[in-house]
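Colleague: model this:
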Amino acid sequence: MTYIRNHTLPFGTVHIVSDGSAITRLYTGAAEETVSCAVIDTCIRQLDEYVAGSRREFDLPAAPKGTDFQRSVWAALRTIPCGQTRTYGEIAAQLGRPKAARAVGGACNKNPILLLIPCHRVVGSDGSLTGFAAGLEVKQQLLELERE
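Modeller: Predicted coordinates:
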């Protein structure tokens, strides 16, 4: 069964999807809701704690669907500490594929679980903010929130 909830955060509404045991998608925007489940309820609580500044990391099961390479990138993103950033090239090097920075960017672009898989912590090689599904303004807000 698929469970769906919308939740409003300071930067907009997020759409949370679960299979009942893990979060499978989390993205900006709203959609038709169904019944909630315990995983989504916990996700909402942790998101609220995160934006309030009392939570630095999420402790939720995530089950993103993607290729093996995408899942390896997403796993690497989850190792970036809150309040820090990495470049696409640094993530590529971490994966043992130093020439795959563009492919890392492509995997970030396909990230189905915003915030829990913190692609907002990935920046350009010069430290500039680059693409983010929720927009660069939201990316900046999240990075500032995490630096406080």
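
Colleague: state which helix of the protein is the longest.
Modeller: Here the longest helix in the chain is taken by residue count, with DSSP state H as the criterion, and it is helix 38-52.

Colleague: how close does residue 72 sit to residue 136?
Modeller: Here the distance between residue 72 and residue 136 works out to 26 Å (CB to CB, to the nearest Å). C-beta here means a position set from N, CA and C on the backbone, and glycine is covered the same way.

Colleague: list the contacts of residue 12.
Modeller: When contacts are counted by CB atoms under 8 Å, 6 or more residues apart in numbering, residue 12 touches 28, 29, 134, 138.

Colleague: got the contact list for the residue nearest to the first one when sequence neighbours are not counted?
Modeller: Pointing back at residue 28 there. With sequence-adjacent residues excluded and distances taken as CB to CB, 6 or more residues apart in numbering, residue 28 is closest to residue 134, at 4.4 Å. Residues counted as contacts of residue 134 (CB under 8 Å, 6+ apart) are 11, 12, 27, 28, 114, 120.

Colleague: just checking, the first one touches residue 138?
Modeller: Yes. Taking CB atoms under 8 Å as the contact criterion, residue 11 and residue 138 are neighbours in contact, 4.6 Å apart.

Colleague: so residue 26, which of the three states?
Modeller: strand (DSSP: H, G, I helix; E, B strand; the rest coil).

Colleague: phi, psi for the residue lying closest to it once chain neighbours are set aside please.
Modeller: The spatial neighbour of residue 26 that comes closest, neighbours along the chain excluded (CB to CB, 6+ apart), is residue 113 at 4.7 Å. With angles defined as degrees, to the nearest 10, residue 113 shows backbone torsions of phi -130, psi 80.

Colleague: pretty sure residue 113 sits against residue 66.
Modeller: No. Using CB under 8 Å, residue 113 makes no contact with residue 66, being 10.1 Å away.

Colleague: please identify which of those two sits among more neighbours.
Modeller: Counting neighbours by other CB atoms under 10 Å for residue 113 and for residue 66 shows that residue 113 has the greater number, 26 against 14.

Colleague: so what's that one up against?
Modeller: Under the criterion of CB under 8 Å, 6+ apart, the neighbours of residue 113 are 23, 24, 25, 26, 27, 62, 64, 74.

Colleague: what helix or strand is residue 33 on?
Modeller: Residue 33 is part of no helix or strand, with elements assigned from DSSP states H and E.
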